[in-house]
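K.L.:
only geometry, no sequence info:
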Ligand SMILES: NC(=O)C1=CN([C@@H]2O[C@H](COP(=O)(O)OP(=O)(O)OC[C@H]3O[C@@H](n4cnc5c(N)ncnc54)[C@H](O)[C@@H]3O)[C@@H](O)[C@H]2O)C=CC1
Ligand SMILES: O=C([O-])CC(=O)C(=O)O
C-alpha cells in the first residue's frame, strides 16, 4: 500500500468542493491505488457546513480516504500538503466579469500563498480555481516565492473541455474525437480557444469544419462566455464541470499526455511565444508523467496572434490592478 498523499482543498464547503471532494477521495484524480488525506480549509463561518461535508465523506467509507482534517487555520490546513487546490473565494454573479472579483478575492491569495510556502511539502503543486484564477495565482505565487514558480497553476481546462464539446457538436462527432485544443491567455471573456491548431479525428479542425465565420466568431464567443451562460441559466456558477476540470487538470499534469496531443493550463510564462515571463498565462502543455512543458513551435496566424495579444494584455491590466498585493 502506498503512503497517503496530502491534498489541501480551500473552499471545501462550497459548491465546487461538494462535487470535487468525492472525486479525489474515490481515486479519480490520483489513481485507484493512491490513498489520500484530505485537508479541508474554510473560513470560520463555513466550518459548520464543512462539518456536514466531512460527515458525508465519512459516510461514503471510501477505501482510499485515509484521514480528513477540517480547519480554518491556514498553517494547519496546508501542513505537509503535496497538492493545494485553491477553490475558496467568492463566485461572480450575473452581469459581472471575473476580474470584478479581484477586490474581494485577490487578498485571500496573499496569506494562502505565504502559508503554502511555509507549511506545504517540498514537492507541493498548487492549482488555483477561485476567480479571477490567473491573477489570483499570480498573487499567491508571488507571496509564496519559496515554492518554485513551475509549481503554480490556474485552471483553464474547463475552457478546453468546453471548446472540445462545441467543436464536436458542430462536426457531429463525439468530443473524444477532438484533440490539440490550446486555450491561450486568461480564464476570462478574452481567452482564445485556438481552433487553428486543434484536430478532429487527427485532421485539422479547419478542414473538417469549413464554416470559418462560425469558427472565428460564434465558436470563440461561446467558449469565452460559457461561464456567464451557466450563471444565467442556473443562477449559480458552474460547479460540476469546474470540479471535473480540476480532476482533468491534475491528471494531465501527473499522467503522460497521449502521443501528439496537448492540454491547457495556465502557468508561469517563461517567455514562450513572446508572452512576458512571469505572467500566469494559459498555454498548450505536455507531460511525460513527471515533467510538464509548454508545447513549442505551434504555428500562429496573424488572427491567432491578435487574439493572444488581447488576452495577454488583459492579464497585464489585472496585474496592474493588484500591484499592491505583489511584493517587489
Ligand atoms: N477557473 C475556473 O474554471 C472556475 C472557477 N470558478 C471559481 O471558483 C470559486 C468557487 O466557486 P464555488 O465553489 O461555486 O463558490 P461557493 O461560493 O459555492 O464556494 C466557495 C467557498 O469558498 C469559501 N471561502 C471563501 N473565502 C475563503 C477563504 N479565504 N479561505 C477558504 N475558503 C474560503 C466559502 O466559504 C465557500 O464555502 C469562485 O471564485 C468561482 O468563480 C468556478 C468555476 C470555474
Ligand atoms: O464564469 C464563472 O464565473 C465561473 C467560471 O469561471 C466558469 O464557469 O468558467
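P.N.:
In hand now; what should we look at? This is a predicted model, so every value here is computed, not measured. Ligands and ions are numbered 1, 2, ... in the order given.
K.L.:
For the stretch 1-150 of the chain, what lies in contact range of ligand 1?
P.N.:
The stretch 1-150 of the chain has residues 10-11, 13-17, 41-43, 46, 87-92, 108, 129-131, 133 near ligand 1, with proximity defined as C-beta under 6 Å from any ligand atom. For glycine as for every other residue, the C-beta is placed from the backbone atoms N, C-alpha and C.
K.L.:
is the helix or strand that residue 227 is a member of up against ligand 2 anywhere?
P.N.:
With secondary structure defined by DSSP states H and E, residue 227 is part of helix 226-234. Yes - against ligand 2, helix 226-234 shows contacts by C-beta under 6 Å from any ligand atom at 227, 228, 230.
K.L.:
Ligand 1: which of those is nearest?
P.N.:
residue 227 (6.3 Å; C-beta to the nearest ligand atom).
K.L.:
okay, the closest residue to ligand 2 within the stretch 101-250 of the chain: pLDDT?
P.N.:
Using C-beta to the nearest ligand atom, the point where the stretch 101-250 of the chain gets nearest to ligand 2 is residue 227, with a distance of 2.1 Å. The predicted local confidence for residue 227 comes out at a pLDDT of 97.
K.L.:
Tally up the residues packed near it, please.
P.N.:
Other residues within reach of residue 227 by the criterion other C-beta atoms under 10 Å amount to 23.
K.L.:
OK, contacts around it?
P.N.:
98, 237, 238 (C-beta atoms under 8 Å, 6 or more residues apart in numbering).
K.L.:
so which helix or strand takes in the second one?
P.N.:
Meaning residue 237. Residue 237 is part of no helix or strand, with elements assigned from DSSP H and E.
K.L.:
got the phi/psi numbers for it?
P.N.:
Backbone torsions for residue 237, taken as degrees, to the nearest 10, come to phi -80, psi 160.
K.L.:
so how far is residue 157 from it?
P.N.:
Look at residue 237 and residue 157: by C-beta to C-beta, to the nearest Å, they are 16 Å apart.
K.L.:
hang on, the earlier thing: give the next helix or strand downstream of the helix holding residue 227.
P.N.:
Scanning forward in sequence from helix 226-234, with DSSP H and E defining helices and strands, the next element found is helix 240-254.
K.L.:
Hmm, residue 294 is touching residue 272, no?
P.N.:
Yes - because the distance of 4.8 Å satisfies C-beta atoms under 8 Å, residue 294 is recorded as touching residue 272.
K.L.:
Now tell me what touches stretch 245-255 from outside.
P.N.:
Contacting residues not belonging to stretch 245-255 are listed as 16, 20, 23-24, 28-30, 83, 85, 87, 125, 127, 129, 153, 155, 157-158, 161, 263, 265, 285, 287, 289, 292 [C-beta under 8 Å, 6+ apart].
K.L.:
One more pass at 6 Å, please.
P.N.:
20, 23, 28, 29, 127, 155, 157, 158, 263, 265, 287, 292 (C-beta atoms under 6 Å, 6 or more residues apart in numbering).
K.L.:
ok, stretch 260-277 near ligand 1 or not?
P.N.:
No - Stretch 260-277 stays clear of ligand 1 (C-beta under 6 Å from any ligand atom), getting no nearer than 8.8 Å.
K.L.:
what is the rounded mean pLDDT of whichever strand or helix holds residue 104?
P.N.:
Using DSSP H and E, residue 104 sits within helix 102-105. Looking at helix 102-105 alone, the average pLDDT works out to 94.
K.L.:
And for stretch 113-128?
P.N.:
Within the predicted structure, the mean pLDDT of stretch 113-128 is 98.
K.L.:
got the buried residues for it?
P.N.:
113-117, 119-121, 124-128 (16 or more other C-beta atoms under 10 Å).
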